[in-house]
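S.K.: Here you go, sequence then predicted model.
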Protein chains: 2
Amino acid sequence: MAESQNLQGETLLYLTDEQLRQGIEAMFFAYRGFTDDPDRILAGLSYGRAHHRALHFINCAPGTTVNNLLSILGVTKQSLNRVLRTLVEDGLVESRVGRNDKRERHLYLTEAGAALERDLSDAQRARMRAAYRQAGPEAVAGFRKVLEAMMDPDMRRAYQKLREGRG
Amino acid sequence: MAESQNLQGETLLYLTDEQLRQGIEAMFFAYRGFTDDPDRILAGLSYGRAHHRALHFINCAPGTTVNNLLSILGVTKQSLNRVLRTLVEDGLVESRVGRNDKRERHLYLTEAGAALERDLSDAQRARMRAAYRQAGPEAVAGFRKVLEAMMDPDMRRAYQKLREGRG
DNA sequence: TTGGAATGTCAACAAGACTGACTTAAACTG
DNA sequence: CAGTTTAAGTCAGTCTTGTTGACATTCCAA
């Protein structure tokens, strides 16, 4: 009874509509900050956010197939293909026919592709690092925990698989 | 000396490139979850995310001017105007000429506009609430702290102003 | 070996962002 | 009062990025 009062009176205050609304707006504004720096770099190169995403995930899973990338990015293959085509044409990505299954294309960054990925990544990480440092380690742990809980189950699985694949 | 070692050896581990990379990916996947539910509702109505954003901010700042909305949403007036025009035509938003300054248009949700905003809001808050509950109050505090630190200074000001205006 | 499933490509289109040029009306200022 | 600035809206054109639909190639299993 006392606990129930406590829960309703204090602990659950963070679940009020107003608190949720503030969280929603924070997410909206923060995402803009999150994409701003890479977007600025890309604007000068006639590339867009979609190219950045492709570079990012090819970089962290070299040799991935188009289909695999598709399920991670959550777009249609036609949409991804346009982006991929320009990246291949411009020599940033290499697409190799699969050895076992010749229908598949395995994707790799070229030297130039890796260089651009690094530029974009550095810019994005710089802001992230500043935010992390300002907020402190406990806040960062909470940040990650809430983000993970917000993902669709499929995406959470994809995300956790990526984490395992690395350190 | 001992503290410096502690800082570098333990406390700062959350600032490694790999940790930042994971945070970046978490942000990407979570934002998809964040927009998914309202997007599904909007898809059936030939509206898009842009309409949702307009409805949201008109709802929480009734009587706001077009210029004001522009600076919050961070888009061009041509882009906002297209969205606003359809919302007014469809009777979801009302645009009243300013009393003091007749150049200004003050924006309000109609009954129907408020109803749609509520639907979208409810869907988005439901997911947010589930994530908050799952992560717990301390995590939520950290989440908010990191998001705020990620915003551009201008956006942070706009965000804090909105918070003050309410509870 | 033939028909279906999987993989990837091409073409056409729509939403939503952008720029630039322009109009209208109202407000401000010298 | 004349001229300038400001707020809003419009028209035209472009770009990115998403969508469907049709199609070629390859694999696999009946």
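M.R.: All right, it came through fine. Small disclaimer: the values here were computed from a predicted structure and weren't measured. Numbers count the residues shown, from 1 in each chain, chains lettered A, B, ... in the order given.
S.K.: is DNA strand C contacted by the longest helix along chain A?
M.R.: Scanning chain A for the helix with the most residues, using DSSP state H, yields helix A:17-43. No: Helix A:17-43 lies apart from DNA strand C when judged by C-beta under 7 Å from any atom of the strand; the minimum separation is 9.3 Å. The C-beta positions use only the backbone N, C-alpha and C, and glycine is treated the same way.
S.K.: How about stretch A:75-91?
M.R.: Yes: using C-beta under 7 Å from any atom of the strand, stretch A:75-91 reaches DNA strand C at A:77, A:78, A:81, A:84, A:85.
S.K.: Any part of that stretch near chain B?
M.R.: No: figure legend: stretch A:75-91 not in contact with chain B (C-beta under 8 Å from any C-beta of the partner chain); closest approach 10.7 Å.
S.K.: quick check: mean pLDDT across that stretch?
M.R.: For stretch A:75-91, mean pLDDT rounds to 96.
S.K.: got the buried residues for it?
M.R.: Residues of stretch A:75-91 classed as buried by neighbour count (16 or more other C-beta atoms under 10 Å in any protein chain shown): A:75, A:80, A:83, A:84, A:86, A:87, A:88, A:90.
S.K.: quick one: the longest helix of chain A to helix B:17-43, angle?
M.R.: 110 degrees (axes from the mean of the first three to the mean of the last three C-alpha atoms, to 10 degrees).
S.K.: does residue A:117 really touch residue A:53, like I thought?
M.R.: No: Residue A:117 is beyond contact range of residue A:53, at 10.8 Å (criterion: C-beta atoms under 8 Å).
S.K.: returning to what we had before: which of the buried residues of stretch A:75-91 lies at the shortest distance from residue B:98?
M.R.: Closest to residue B:98 out of the buried residues of stretch A:75-91 is residue A:75 (42.6 Å), distances taken as C-beta to C-beta.
S.K.: Wasn't the closest one part of a helix?
M.R.: No: membership of residue A:75 in a helix is not supported by DSSP: H, G, I helix; E, B strand; the rest coil, which gives coil.
S.K.: And the closest residue to it other than its chain neighbours, how close does it get to DNA strand D?
M.R.: In space, and not counting its chain neighbours, residue A:75 is closest to residue A:50: 7.7 Å by C-beta to C-beta, 6 or more residues apart in numbering or on different chains. Note on residue A:50: its distance to DNA strand D, by C-beta to the nearest atom of the strand, to the nearest Å, is 4 Å.
S.K.: Can you give me the neighbour number for residue A:50?
M.R.: Residue A:50: 18 surrounding residues under other C-beta atoms under 10 Å in any protein chain shown.
S.K.: closest point of chain A to chain B, which residue?
M.R.: Here chain A gets closest to chain B at one residue, residue A:142, 2.4 Å apart by C-beta to the nearest C-beta.
S.K.: surely that residue meets residue B:138?
M.R.: Yes: the pair formed by residue A:142 and residue B:138 meets the contact definition of C-beta under 8 Å, at 5.9 Å.
S.K.: For the two, indicate the residue with more neighbours.
M.R.: Shown here are residue A:142 and residue B:138; by other C-beta under 10 Å, residue A:142 has more neighbours (23 against 14).
S.K.: quick one: contacts for the more buried one?
M.R.: Taking C-beta atoms under 8 Å, 6 or more residues apart in numbering or on different chains, we find residue A:142 in contact with B:135, B:138, B:139, B:140, B:141, B:142, B:143, B:145, B:146.
S.K.: Check the secondary structure at the nearest residue to it once chain neighbours are set aside for me.
M.R.: Nearest non-adjacent residue to residue A:142, counting by C-beta to C-beta, 6+ apart: residue B:142, 2.4 Å away. Under three-state DSSP, the three-state class of residue B:142 is helix.
S.K.: per-residue confidence for residue B:142?
M.R.: Listed pLDDT for residue B:142 reads 98.
S.K.: do the same with residue A:46
M.R.: Model confidence at residue A:46, expressed as pLDDT, equals 85.
S.K.: So it lies in a strand, does it not?
M.R.: No: counting by three-state DSSP, residue A:46 is not found in a strand; it is coil.
S.K.: Tell me how many other residues crowd it.
M.R.: 9.
S.K.: How about residue A:94?
M.R.: 16.
S.K.: Contacts only, for it.
M.R.: When the contact criterion is C-beta under 8 Å, 6+ apart, the partners of residue A:94 are A:88, A:107, A:108, A:109, A:110.
S.K.: Produce a ChimeraX select command limited to the buried residues of those.
M.R.: Selecting only the buried entries of the contacts of residue A:94 in ChimeraX, with 16+ other C-beta under 10 Å as the criterion:
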select /A:88,107,109
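S.K.: among the contacts of residue A:94, which are in helices?
M.R.: The helices, defined by DSSP H, take in residue A:88 from the contacts of residue A:94.
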